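>>> need a structure here:
(one chain, ligands or ions: 4)
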Amino acid sequence: MNLSCVYTFEERNRNKKMKRKLLLVLMSALVVITSCSKSDSDGDLVIPPITGGETDNAVTVTGDITANTTWTADKIYLLKGNVFVTNNVTLTIEPGTIIKGDKATKGALIITRGSQINATGTATAPIVFTSSVAAGARKEGDWGGLILLGRAKNNGGTSVSIEGISDATDKGKHGGDNDADNSGTLKYVRVEFAGIALSPDNEINGITFGSVGSGTTVDFVEVYRSGDDAYEWFGGAVNAKHLLAIDTWDDDFDTDNGFSGHIQFALAQRLAATADVSGSNGFESDNNSNGTNDLPQTSAVFSNVTVLGPVEKSDMSNINANFQHAAQIRRNSAISTFNSVFVGYTEGIFYDDARPANSTVNSSKALIDGVSVFSNNIVAGCNGKGNQIKASSPATLTTITEKLTAENSFLPASYASAFYTDPYKFASDIAGGTRAGTPNFTQLSTSAALTGAAFTHAKANVAFFDKVAYKGAFGTEDWSTGWAHYNPNSLDYTTPGKVTSN
Ligand SMILES: [Ca+2]
Ligand SMILES: [Ca+2]
Ligand SMILES: [Ca+2]
Ligand SMILES: [Ca+2]
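Numbering: from 1, shown residues only. Ligands and ions are numbered 1, 2, ... in the order given. Predicted coordinates for the structure are as follows:
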C-alpha cells in the first residue's frame with residue numbers, strides 16, 4: 001500500500017472521536033485503496049496483487065496455497081517457481097483447465113503431506129499441465145512438473161527430502177507410516193514438457209510420487225516428453241491404471257525406496273533419437289541408491305505394461321547410444337512384473353547386482369528366491385546386443401536365464417509391428433515423413449499378446465488388477481482416445497478450456 005495515501009487519510013481524521021475514527025479508518029481505507037489502485041496517473045502506486053497477476057483469464061500463481069482453492073476451466077493458470085499446496089487443504093481443478101509451468105522460474109506444483117489435489121478431468125475435457133512456451137517451441141524440461149508428497153512408508157525415513165525440491169522445511173518432505181494415505185485424485189490428466197534435471201540425481205520428473213498412499217486415485221494420466229523420468233515413485237503404496245509415457249528423455253517407470261503399489265495398463269513409447277546420459281530404460285528400479293536391505297523393500301507389482309523401445313525393426317542404426325534396457329532391476333529392488341510386453345529395446349531384462357557389491361542380498365537373489373517375480377511376459381526384439389537377458393556375473397546369468405526363459409516368452413526376431421496397429425507414429429515436430437502422425441497402440445488380430453494373461457500368482461491376484469485376457473497395456477480398445485494427445489506442441493493453449501484442439 002502507498003504510505004502517503006494512508007498518512008493523508010489519518011491527518012484528515014485526527015480530531016474525530018476514537019470509535020468513530022476506527023469506523024472511518026476502515027471505511028476510508030477501502031476508498032484509499034480503491035483510489036490508489038485504480039489510477040497511477042497522479043503518481044500514486046498501483047497496488048500489486050499479492051500473489052501474481054490476474055487479467056481477464058490468466059492467473060499467475062506463486063508461493064503457497066493455504067486455503068481450499070478451485071481452479072476453473074475459464075482461466076489459464078501460470079505456475080511461477082515452486083507452488084506448494086500446504087496446510088492440509090485441497091486444490092480442486094475443473095475438467096478442461098490449462099495450467100502452465102513457467103519456464104523462466106522453473107514452475108512446479110507440489111502437493112505437500114496432508115494436502116490433496118482433486119484433478120478429475122473427463123475423457124473429453126482432460127486437465128492439462130503444460131509448458132509456458134508458445135506452441136511449436138516447447139521442449140522437454142521446460143518446467144518442473146507435478147510432485148505429490150504423502151505419509152505412506154518409504155525405506156529412507158518418515159521425513160525425507162524429495163528429489164528436485166530445495167526446500168528445507170516440511171513442505172519438501174515425504175514419508176510416514178500410513179500406506180493408506182490419500183493425496184487426492186489425478187484422473188484424465190496430461191503433464192507435458194516437464195522434467196527439469198537440476199543436477200545429476202536431483203531431477204524433477206513429469207510426475208513424482210513421494211510416499212503417496214493407496215487412498216490416492218491415479219487413472220488415465222499421460223506424461224508427454226518429460227525431460228527426466230516420466231513417472232518416479234519414491235516409496236509409497238499408491239496404485240495407478242492407464243498411464244502413458246510418451247517420448248520420455250530418461251526412464252519411463254522408475255521405482256525406488258520401497259514403493260509397493262500396483263500399476264496396470266501402462267505404456268511407454270520411445271523415440272530413437274532421444275535418451276539420457278544416465279542411461280534410458282523402460283523400467284529402472286532400486287531399493288535405494290546403495291542397494292542396501294532397508295525396509296520396506298521396493299516391491300511394486302506391474303501387470304499389463306507395454307514398453308515400446310526405440311528399436312522399431314532389426315536395424316539398430318540411428319538409435320541414441322544412451323538407450324539401455326527394457327528393464328534394469330537393480331540395487332536390491334524386488335519389483336514384480338506380469339502379463340507385459342517389452343519390445344524393441346537395445347538390451348533386455350537386466351538383473352543388475354553391481355550395488356551392493358559382493359552381497360548375498362540383491363535383485364537377482366530376490367528373483368531366484370521368488371521374493372520378486374518376472375512371469376508370463378513377452379520380451380521381443382531386445383537382443384540386438386545379444387543380451388535380452390543380462391546379469392552381473394556369468395553364474396547369475398545362467399541361473400536367471402533358466403528361470404526367465406521358463407516363465408516368459410522371448411521372441412528376439414519380433415518387433416512392435418507384430419503386436420500393435422501403428423506403434424511408432426510421433427508428433428510432426430519430433431519425427432518426419434511417414435513416422436509423423438498419431439500412434440495406434442491397439443493390438444492386431446494376429447498379435448501373440450491378445451490372449452494368455454494370467455492372474456493366478458498371489459502377487460497378481462489382487463482386486464486392483466482387472467483380470468483381462470491380453471498381455472500388455474492395450475487390447476483391442478484404445479483407452480487413450482479423446483483425453484490423451486500425441487502432438488501437444490501443435491496446440492495453442494491460449495484459449496481457456498481448449499485442451500484437445502485449437
Ligand atoms: Ca528421476
Ligand atoms: Ca531415473
Ligand atoms: Ca530412480
Ligand atoms: Ca536413467
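>>> Show me where the chain has its helices.
3-12, 18-38, 363-368, 394-407 (DSSP state H).
>>> For the residue in the stretch 251-400 of the chain that ligand 1 sits nearest to, grab the count of nearby residues.
Nearest to ligand 1 in the stretch 251-400 of the chain, going by Cβ to the ion, is D254, at a distance of 5.6 Å. For glycine as for every other residue, the C-beta is placed from the backbone atoms N, C-alpha and C. Here the number of neighbours of D254 (other Cβ atoms under 10 Å) works out to 24.
>>> still on that earlier bit, which stretch in the helices of the chain is the model least sure about?
The weakest mean pLDDT among those belongs to helix 3-12, with a mean of 32.
>>> how is the chain carved up into domains?
The chain breaks down by automatic domain parsing into domains covering 3-38, 58-490.
>>> now these in TSV, with distance to ligand 3?
What follows is the domains of the chain, written out as TSV (distance: least, Cβ to the ion, whole Å):
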stretch	distance to ligand 3
domain 3-38	49
domain 58-490	4
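>>> Burial-wise, tell me which of those comes out on top.
domain 58-490 (a mean of 21; mean count of other Cβ atoms under 10 Å).
>>> wait, does it contact ligand 4?
Yes. Domain 58-490 reaches ligand 4 (Cβ under 5 Å from the ion) through 250-251, 278-279.
>>> where among the domains of the chain is the average confidence lowest?
Ranked by mean pLDDT, those bottom out at domain 3-38, which scores a mean of 36.
>>> Leaving aside the residues adjacent along the chain, what's closest to the one residue in the stretch 151-300 of the chain that gets nearest to ligand 4?
Closest to ligand 4 within the stretch 151-300 of the chain is S278: 3.9 Å, counting by Cβ to the ion. Computed as Cβ to Cβ, 6 or more residues apart in numbering, the closest residue to S278 that is not its neighbour in sequence is D250, at 6.0 Å.
>>> how near is the residue in the stretch 351-500 of the chain positioned nearest to ligand 4 to S285?
Minimum separation of the stretch 351-500 of the chain from ligand 4 (Cβ to the ion) falls at D352, amounting to 11.9 Å. As judged by Cβ to Cβ, to the nearest Å, D352 and S285 stand 9 Å apart.
>>> next one: P126
For P126, the distance to S285 - Cβ to Cβ - is 29 Å.
>>> now do G156
On the measure of Cβ to Cβ, G156 and S285 end up 15 Å apart.
>>> what's the answer for L411, then?
From L411 across to S285, the span is 23 Å (Cβ to Cβ).
>>> any chance you could map the strands in the stretch 351-500 of the chain?
Secondary structure of the stretch 351-500 of the chain (DSSP state E, counting those that start in this stretch): strands located at 374-375, 378-380, 389-391, 409-411, 420-422, 440-443.
>>> Is stretch 242-251 positioned near ligand 1?
No. Residues of stretch 242-251 are not located near ligand 1 by Cβ under 5 Å from the ion, the shortest gap being 6.2 Å.
>>> Just the endpoints, please. Distance across that stretch?
17 Å (Cα to Cα, to the nearest Å).
>>> just the strands in the stretch 201-350 of the chain please.
So, for the stretch 201-350 of the chain - with DSSP E, counting those that start in this stretch - the strands run 202-203, 207-210, 217-224, 231-234, 240-246, 253-256, 262-269, 283-285, 301-308, 325-330, 336-338, 341-343, 347-352.
>>> who's in contact with K385?
With contact taken as Cβ atoms under 8 Å, 6 or more residues apart in numbering, K385 is in contact with 346-347.
>>> just N387 next, same as before
N387 neighbours (Cβ under 8 Å, 6+ apart): 347-348, 350.
>>> try it again with 10 Å
Each residue near N387 by Cβ atoms under 10 Å, 6 or more residues apart in numbering is listed here: 325, 346-350, 397.
>>> Report the two of the residues you listed separated the most.
Farthest-apart pair in the contacts of N387 is T346 and L397; separation 17.7 Å (Cβ to Cβ).
>>> Of the domains of the chain, which is nearest K498?
Between K498 and these, the shortest gap by Cβ to Cβ is with domain 58-490, which sits at 7.7 Å.
>>> That closest one near ligand 2 anywhere?
Yes. Judged by Cβ under 5 Å from the ion, domain 58-490 comes into contact with ligand 2 at 229, 250-251, 254, 284.
>>> gap between the two ends of that domain?
OK, domain 58-490 end separation, Cα to Cα: 20 Å.
>>> Quick check: bridge partners of N82?
When bridges are called by DSSP bridges, N82 pairs up with A108.
>>> Distance of it relative to A275?
Using Cβ to Cβ, N82 is found at 28 Å from A275.
>>> Next: I263.
If you measure I263 against A275 using Cβ to Cβ, the figure is 22 Å.
>>> Contacts only, for the closest residue in space to V499 that isn't next to it in sequence.
The spatial neighbour of V499 that comes closest, neighbours along the chain excluded (Cβ to Cβ, 6+ apart), is V128 at 4.7 Å. If you count contacts by Cβ under 10 Å, 6+ apart, V128 has them with 76, 93, 96-100, 121, 188-192, 222, 224, 483, 485, 488, 491, 493, 498-500.
>>> Pull up the gap between V128 and F338, please.
32 Å.
>>> Same check on L397?
L397 is 23 Å from F338, by Cβ to Cβ.
>>> ok, now G157?
31 Å.
>>> what do you get for T494?
Counting by Cβ to Cβ - T494 and F338 are separated by 44 Å.
>>> can you check N332 too?
21 Å.
>>> With D181 instead?
26 Å.
>>> Would you enumerate the residues in contact with the closest residue to ligand 1 within the stretch 101-250 of the chain?
Minimum separation of the stretch 101-250 of the chain from ligand 1 (Cβ to the ion) falls at D229, amounting to 4.0 Å. By Cβ under 10 Å, 6+ apart, the contact set of D229 is 145, 195, 203-208, 223, 245, 248-255, 276, 278, 280-281, 284.
>>> what about 7 Å?
By Cβ atoms under 7 Å, 6 or more residues apart in numbering, D229 lies in contact with 205, 248, 250-251, 254.
>>> again with F323
275, 280, 310, 345-346.
>>> in the sheet, who's paired with it?
Residues in a beta bridge with F323, per DSSP bridges, are S280.
>>> ok, which residues in the chain are in contact with ligand 1?
203, 205, 228-229, 232.
>>> Closest to A152 out of the residues you listed?
Among those, E232 lies closest to A152 (Cβ to Cβ), at 15.0 Å.
>>> is it true that I165 touches N82?
Yes. Between I165 and N82 there is a contact at 6.4 Å, judged by Cβ atoms under 7 Å.
>>> any common contacting residues for the two?
Residues touching both I165 and N82 (Cβ under 7 Å, 6+ apart) are I110.
>>> Enumerate every residue touching I207.
I207 neighbours (Cβ under 7 Å, 6+ apart): 145-146, 191, 223, 231.
>>> Show me the beta-bridge partners of it.
Here I207, judged by DSSP bridges, has bridge partners L146, Y231.
>>> Which residues are in contact with the closest residue to W143 other than its chain neighbours?
The spatial neighbour of W143 that comes closest, neighbours along the chain excluded (Cβ to Cβ, 6+ apart), is G101 at 2.5 Å. If you count contacts by Cβ under 7 Å, 6+ apart, G101 has them with 79, 107-108, 129, 131-132, 142-144, 194.
>>> Could you report the distance from G101 to I76?
G101 is 12 Å from I76, by Cβ to Cβ.
>>> Determine how far stretch 184-202 lies from the middle of the whole chain.
Computed by Cα atoms, centre = their mean, to the nearest Å, the chain-centroid distance of stretch 184-202 equals 5 Å.
>>> That concludes my questions; thank you for your assistance.
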